[in-house]
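1. Fold the following for me, if possible:
(one chain, ligands or ions: 1)
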Amino acid sequence: MCGIVGYVGPRQSRDILISGLARLEYRGYDSAGIAIIDADGGLGMRKRAGKLQVLRDDLAGHPLADGTTGIGHTRWATHGGPTDANAHPHLADDDKLAVIHNGIIENFATLKAELVSEGYEFRSETDTEVAAIMIGREYAASGDLVAAFRATVARFEGAYTLLAMHQDHPGLVVAARRNSPLVIGLGEGENFLGSDVAAFVEHTRNALAIGQDEIVAITPAGVEVTDFRGEPVEVEPFEVTWDSAAAEKGGWSSFMAKEVSEEPEAVANTVLGRIRDGLVDIPELDGLDDVFTGINRIVVIACGTAAYAGQTGKYALEQWARVPVDVELAHEFRYRDPVIGPDTLVVSISQSGETMDTLMAVKYARERGARTLSICNTQGATIPRESDAIVYTHAGPEVAVASTKAFVAQITALYLLALHVARVRGSLPHAEIARHVRELEAVPGKISRILEREQERTTQLARWMADTRSVLFLGRHVGYPIALEGALKLKEISYIHAEGFAAGELKHGPIALIEPGQPVFVIVPSPRESALLHDKVVSNIQEIRARGARVIVIAEEGDAAVLPFADEVLRIPLAGPLFEPLLAVVPLHIFAMGLATAKGLDVDQPRNLAKSVTVE
Ligand code: AGP
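-> Below is the predicted model of the structure:
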């Protein structure tokens, strides 16, 4: 997610902004920039694509006049690739106003059309520049930056934290937030703003948390917080307890812990802006209806965890869009002379967008005439650039090698794609599409509930099992790819043998592995929605329990049938059959992280692995 820093006070702001942005690097980004109101009352700005060092080098070579009022930003590209022009800050009102933004303004296209019709010109592809020009337009009318903010945010839909300063008002930085983080740092004669406390923790540990739909104005003398109607708001002060090392990961013990905690918002942000009138309408797929009506087959290609997301998405694509789907490992697909052509849609899934196996398979598919669609978490990456269409996941940067929040975002994107294609092909009644949309929109809250209720118990279970040498994972139907994902997560960060099976496969061989004390995770389908499969999996549990297995069951709240046969039960909220994977995987991510941590291993950088495998 983007990093935000603001400063007003007696000190020169440039180094404060840059060091604040450096402490926010853990959030992941692909461009950086600062703006400063200098001693002569002018407003200077510098921004560059790439890492913070690129900006530092640029500033060293071409110094920016310093000053005591400034804002800084590290951008994780959402609308528009990682370029100098798309980097923040964005300027408006004859370059006298600078704006930075974290989040997604859903209705920016409509607002941009309005501004274009009024003759405004744009220098970037971003939603942020729309906000900057709108604030500038309001400020030009009133001369009051806070009032300009209030008038502007009233028209926004989506999630945003906005900061702005105007050269007419040195010593003033104004901000507004909705569904995106913002905290205030309280200094002695100076004040700070940050997307989290890491931005200013080296200067002050006294902070204020800004609530939903609030506007804050900071000056060296103080802080004023009002709601969107202009009414004063009381905000809660708090003391920052992190040490600086923890601040590098936003206070989390590891990037993986931070990213597992972000799984709810990864799903929510991937859905954001893609629902219209209760149905799925993915703006990036506008104009491609003929592709979706013209295909007779979908081939999903990916590697590792992304492939398991693909296997999960297959159930939805076939059930909802009624298109035959094959899921293939990218590194196998290219070498087996597959039968594909113009009526095949090849959907690649990649968090990094740089996995060479997947990239080469996409290129191969295009050479064979197939249409290609990329599901990717990294704006402007190579695989999306090689594809005919792109559906970005908005999980934010995923730093830990073990993919967690990107996985749930990939499944979410596949479900959105399935419902989008279902609408275009008319394969589902709109009422049913709307019902699935409501289910998808309820998933973030359900994941949050699992994190609140089961995280501690699951972590404790992992500690107890720290010496185990092998864990098996069983799942059925759409729970099968989740069993595979649970096994991969465990083996790749705790280095113990782990294997996932289709529960129905047990009696065809794997049950020979069961011996007394063998830990086995079993993902149990809902008894409400899949009674037949539920009962078969309960039978499987009895089979392995009879042979001494130690059974850890993941089952929906209220499912009592599993209790007599389970040593441990981890509960997930009720959900439709195809939505259970998004919930059942969460305890498995927590378990893998807990066991690797209990073994004293580096959960973020496991041995032998890279975050992006850019070699074949
Ligand atoms: C997942 O935990 C692994 N790190 C790995 O399997 C990963 O999913 C795979 O390499 C694909 O990476 P991508 O999504 O960036 O293409």
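2. rest of the way, CA atoms for contacts and neighbours
-> OK.
3. show me what contacts Leu111?
-> Leu111 makes contact with Val130, according to Cα atoms under 8 Å, 6 or more residues apart in numbering.
4. now the helix or strand it falls within, how far from the chain's geometric center?
-> Using DSSP states H and E, Leu111 maps to helix 108-117. Relative to the chain's own centre, helix 108-117 is displaced by 27 Å; criterion: Cα atoms, centre = their mean, to the nearest Å.
5. List the buried residues in it.
-> By neighbour count with 16 or more other Cα atoms under 10 Å, helix 108-117 contains the buried residues 108, 111-112, 115.
6. From those residues, pick the one nearest Ser348.
-> Of all the buried residues of helix 108-117, the one with the least separation from Ser348 (Cα to Cα) is Phe108, at 27.9 Å.
7. The nearest residue to Ile295 once chain neighbours are set aside and Val391, how far apart?
-> Once flanking residues are discounted, Ile295 sits nearest to Asp343: 4.3 Å by Cα to Cα, 6 or more residues apart in numbering. Between Asp343 and Val391 the distance is 20 Å, computed by Cα to Cα, to the nearest Å.
8. same deal with Val146?
-> Val146 is 36 Å from Val391, by Cα to Cα.
9. Kindly report the same for Leu115.
-> Taking Cα to Cα as the measure, Leu115 falls 27 Å from Val391.
10. And for Val421?
-> From Val421 across to Val391, the span is 13 Å (Cα to Cα).
11. which one of those two has more residues nearby?
-> Using other Cα atoms under 10 Å, the more surrounded residue of Val421 and Val391 is Val421, with 27 against 23.
12. Now do the contacts for that one.
-> Going by Cα under 8 Å, 6+ apart, Val421 touches 292, 321.
13. go on, Ile447?
-> Contacts of Ile447 (Cα under 8 Å, 6+ apart): 263-264, 582-583, 586.
14. Tell me if it really is in a helix.
-> Yes. Under the criterion used here (DSSP: H, G, I helix; E, B strand; the rest coil), Ile447 sits inside a helix.
15. Next one: it, what pLDDT does it get?
-> The model reports Ile447 with a pLDDT of 98.
16. List phi and psi for Asp559.
-> The phi/psi pair for Asp559 (degrees, to the nearest 10) reads phi -80, psi 100.
17. now the residue nearest to Ile295: how far from Tyr364?
-> 15 Å.
18. rewinding a little: backbone dihedrals for the residue nearest to Ile295, both of them.
-> Backbone torsions for Asp343, taken as degrees, to the nearest 10, come to phi -90, psi 10.
19. isn't it right up against Gly294?
-> Yes. The pair Asp343 / Gly294 is scored as a contact, 6.3 Å apart, by Cα atoms under 8 Å.
20. These two: who's more crowded?
-> Higher neighbour count among Asp343 and Gly294: Asp343, with 17 against 14, using other Cα under 10 Å.
21. who in the stretch 1-150 of the chain is up against the ligand?
-> Within reach of the ligand by Cα under 6 Å from any ligand atom, the stretch 1-150 of the chain has no residues at all.
22. Residue of the stretch 1-150 of the chain nearest the ligand, please.
-> The ligand sits closest to Gly28 of the stretch 1-150 of the chain, with a gap of 14.8 Å, by Cα to the nearest ligand atom.
23. Can you tell me the closest non-neighbouring residue to the spatially most central residue of the chain?
-> Using Cα atoms, centre = their mean, the residue of the chain that lies closest to the mean C-alpha position is Ala395, 1.1 Å off. Spatial nearest neighbour of Ala395, excluding adjacent residues (Cα to Cα, 6+ apart): Ala266 at 4.0 Å.
24. before we move on, back to that, got the contacts of Ile447 as TSV, with pLDDT and distance to the ligand columns?
-> Output for the contacts of Ile447, formatted as TSV (pLDDT from 0 to 100; distance: Cα to the nearest ligand atom, whole Å):
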residue	pLDDT	distance to the ligand
Glu263	97	14
Pro264	97	18
Leu582	98	15
Leu583	98	17
Val586	98	13
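25. need the residues of the stretch 301-450 of the chain near the ligand, please.
-> Taking Cα under 6 Å from any ligand atom as the contact definition, the stretch 301-450 of the chain meets the ligand at 303-306, 350-353, 355, 401-403.
26. Greatest separation within these: which pair is it?
-> Farthest-apart pair in these is Gly353 and Ala402; separation 15.5 Å (Cα to Cα).
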